[in-house]
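> structural data only, the sequence is not supplied:
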Ligand SMILES: C[S@@+](CC[C@H](N)C(=O)[O-])C[C@H]1O[C@@H](n2cnc3c(N)ncnc32)[C@H](O)[C@@H]1O
């Protein structure tokens with residue numbers, strides 16, 4: 001690939017990342033374990049897919065009877081409309097079909113539908129998928145795909161990373177059930193955080209150890225540590241599932257120690273033998289690790305965003321996100337001390353970020369924090 005093409009492909013706007021079968025299976029198992037009938041008699045829409053070889057389509061088609069689905073619909077985006085053109089070659093499946101059209105294969109999206117045992121072999125599976133070209137290019141924003149959204153009960157996909165906000169908005173306005181993949185940073189978006197705070201959306205079960213692997217036609221433009229030449233997959237650490245379907249992990253309480261036990265036994269040097277620092281400009285304590293949340297603290301606590309992977313609404317309430325929380329602002333004294341210490345971040349008097357002094361009176365401005373507190377009915381030791 002020419003250098004320019006490489007740079008473009010590596011650009012965050014590259015949307016061509018394809019999900020692994022076992023990641024889909026593991027995620028869906030979490031919902032099915034919680035409610036084995038979660039998909040029964042439902043119409044599932046898989047938009048932004050490539051149904052001929054997408055693992056989402058394969059997974060749901062193979063499990064059609066098992067899950068008791070009413071209808072499975074998946075749609076693809078036309079090769080010509082994609083931002084990053086791959087060397088698109090129609091598959092034999094398409095070329096050998098009487099409806100194959102050399103023009104439409106590039107310009108139109110496709111729709112795959114599964115409802116019945118078309119080949120009359122006694123079971124409904126991937127062999128029974130029916131397909132045709134869409135009228136348009138399969139853009140999820142089109143009226144054609146909007147109609148399919150309105151018909152569906154559940155929307156499941158890994159949408160284009162570069163359009164996450166728009167895609168989520170498209171789902172939320174439809175009030176459907178959904179399971180979608182997105183970047184963990186999306187939690188901090190101003191449209192997204194309120195959904196999480198109000199328990200209208202939460203994180204799904206998640207990828208193994210937080211590592212998500214995807215195949216991509218551009219995989220090899222990534223450097224070592226991201227691209228694995230043996231598997232031909234890229235690894236992203238900050239990707240998660242977002243959903244409004246319940247799962248068991250969401251109701252597991254975090255086992256936690258009291259503040260006193262944390263001081264004695266914490267594995268974190270920031271806590272052991274020390275204390276929890278109070279913010280200088282907001283009535284809460286700083287808790288730099290989720291497993292260091294003190295079980296007997298009744299006030300508000302600032303925790304890292306990764307807390308949300310362990311968040312149970314039965315145990316905690318979310319008070320806010322530091323970015324959107326009105327603090328008292330930083331004092332002149334704090335700002336002076338900050339710059340005197342040699343730190344170079346951009347802060348000023350009145351700056352809204354949370355801040356505190358550590359045990360050495362060193363001024364600290366922690367990265368974004370989720371502000372939480374224990375639910376009133378939680379047993380406090
Ligand atoms: C992250 S990939 C995931 C593909 C597939 N769902 C999977 O997980 O394997 C997103 C796909 O959405 C397609 N896409 C990009 N913009 C789109 C749009 N406006 N409407 C529909 N699909 C789009 C991309 O071409 C890409 O194939």
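Received the coordinates, thanks. Everything numeric in this text was worked out from a predicted model, so none of it was measured.

> ok so residue 111 is a helix residue?
No. Under the criterion used here (DSSP: H, G, I helix; E, B strand; the rest coil), residue 111 is strand, not part of a helix.

> bridging residues for it?
residue 75, residue 132 (DSSP bridges).

> what's the neighbour count on it?
For residue 111, the neighbour count with other Cβ atoms under 10 Å is 21. In short, each C-beta sits where N, CA and C put it, glycine included.

> what sits up against stretch 310-323?
By Cβ atoms under 8 Å, 6 or more residues apart in numbering, the residues outside stretch 310-323 that reach it are 188, 193, 196-197, 199, 202-203, 250-254, 290, 300, 302, 325, 353-354, 368-375, 378.

> name the residues of the chain found near the ligand, please.
Within the chain, the positions lying close to the ligand (Cβ under 6 Å from any ligand atom) are 15-19, 48-50, 54-56, 77, 82, 138-140, 157-161, 163.

> and those, which are buried?
When the residues of the chain next to the ligand are checked for burial by 16 or more other Cβ atoms under 10 Å, the buried set is 15-19, 48-50, 54-56, 77, 138-140, 157-161, 163.

> which of the contacts of stretch 310-323 are buried? Put it as a PyMOL command.
Under the burial definition 16+ other Cβ under 10 Å, those of the contacts of stretch 310-323 that qualify are selected in PyMOL by:
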select buried, resi 188+193+196+197+202+203+250+290+300+302+325+353+354+368+369+370+371+372+373+374
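
> with adjacent residues omitted, what lies nearest to the residue in the stretch 151-300 of the chain that the ligand sits nearest to?
The nearest approach of the stretch 151-300 of the chain to the ligand comes at residue 158, 3.2 Å away (Cβ to the nearest ligand atom). Spatial nearest neighbour of residue 158, chain neighbours left out: residue 181 (4.0 Å); criterion: Cβ to Cβ, 6 or more residues apart in numbering.

> next, give phi and psi for that neighbour.
Torsion angles at residue 181 (phi, psi; degrees, to the nearest 10) stand at phi -100, psi 140.

> then residue 239?
phi -110, psi 140.

> specify the beta-bridge partners of it.
In this structure, residue 239 bridges to residue 183 when assessed by DSSP bridges.

> I figured it was touching residue 206, is that so?
No. Using Cβ atoms under 8 Å, residue 239 is not in contact with residue 206, being 9.3 Å away.

> between the two, who's got more neighbours?
Set side by side, residue 239 and residue 206 show more neighbours around residue 239, with 24 against 21, by other Cβ under 10 Å.

> what's the following helix or strand after the helix of greatest length in the chain?
Counting by DSSP state H, the longest helix found in the chain is helix 21-34. Note on helix 21-34: by DSSP states H and E, the next helix or strand toward the C-terminus is strand 43-49.

> could you spell out the sheet neighbours of that next one, each with its direction?
strand 71-76 (parallel), strand 154-157 (parallel).

> run the chain-centre distance for that strand.
Its chain's C-alpha centre and that of strand 43-49 lie 17 Å apart, by Cα atoms, centre = their mean, to the nearest Å.

> tell me the mean pLDDT over that strand?
Confidence over strand 43-49 (mean pLDDT, whole number) is 97.

> okay, the angle between the helix or strand following that strand and strand 71-76?
Using DSSP H and E, the helix or strand that follows strand 43-49 in sequence is helix 55-62. For helix 55-62 against strand 71-76, the angle by axes from the mean of the first three to the mean of the last three Cα atoms, to 10 degrees is 160 degrees.

> residues in contact with the helix or strand that helix 55-62 is followed by?
Per DSSP H and E, the first helix or strand lying C-terminal to helix 55-62 is helix 64-67. Applying Cβ under 8 Å, 6+ apart, the contact partners of helix 64-67 are 32, 39, 40, 60, 72, 114, 123, 124, 125.

> quick one: which of these is most hemmed in?
Top of the contacts of helix 64-67 by neighbour number is residue 72, holding 28 neighbours under the definition other Cβ under 10 Å.

> where does the closest residue to that one other than its chain neighbours land on pLDDT?
In space, and not counting its chain neighbours, residue 72 is closest to residue 114: 4.2 Å by Cβ to Cβ, 6+ apart. Note for residue 114: predicted pLDDT of 98.

> wait, residue 114 touches residue 123, no?
No. In this structure, residue 114 is not within contact of residue 123 by Cβ under 8 Å, at 11.6 Å.

> quick one: end-to-end length of stretch 223-230, please.
13 Å (Cα to Cα, to the nearest Å).

> buried set for it?
The neighbour-count check on stretch 223-230 (16+ other Cβ under 10 Å) flags residue 227 as buried.

> residues in contact with that stretch?
Here stretch 223-230 has contacts from 219, 220, 221, 233, 234, 235, 236, using Cβ under 8 Å, 6+ apart.

> and what of stretch 356-363?
Residues from elsewhere that reach stretch 356-363 (Cβ under 8 Å, 6+ apart): 274-275, 277-280, 286, 334, 337-338, 341, 343, 355, 364, 366.

> need the pLDDT of the closest residue to residue 267 other than its chain neighbours.
Leaving aside its sequence neighbours, residue 267 sits nearest to residue 291 (Cβ to Cβ, 6+ apart; 8.0 Å). Residue 291 is assigned 98 on the pLDDT scale.

> I'd assumed residue 256 was in contact with residue 291.
Yes. With contact defined as Cβ under 8 Å, residue 291 reaches residue 256; the gap is 7.4 Å.

> these two: who's more crowded?
residue 256 (19 against 16).

> any idea how many residues pack against the closest residue to the more buried one other than its chain neighbours?
Spatially, and ignoring its direct neighbours in sequence, residue 256 is nearest to residue 295 (4.1 Å; Cβ to Cβ, 6+ apart). Applying other Cβ under 10 Å, we find 19 residues neighbouring residue 295.
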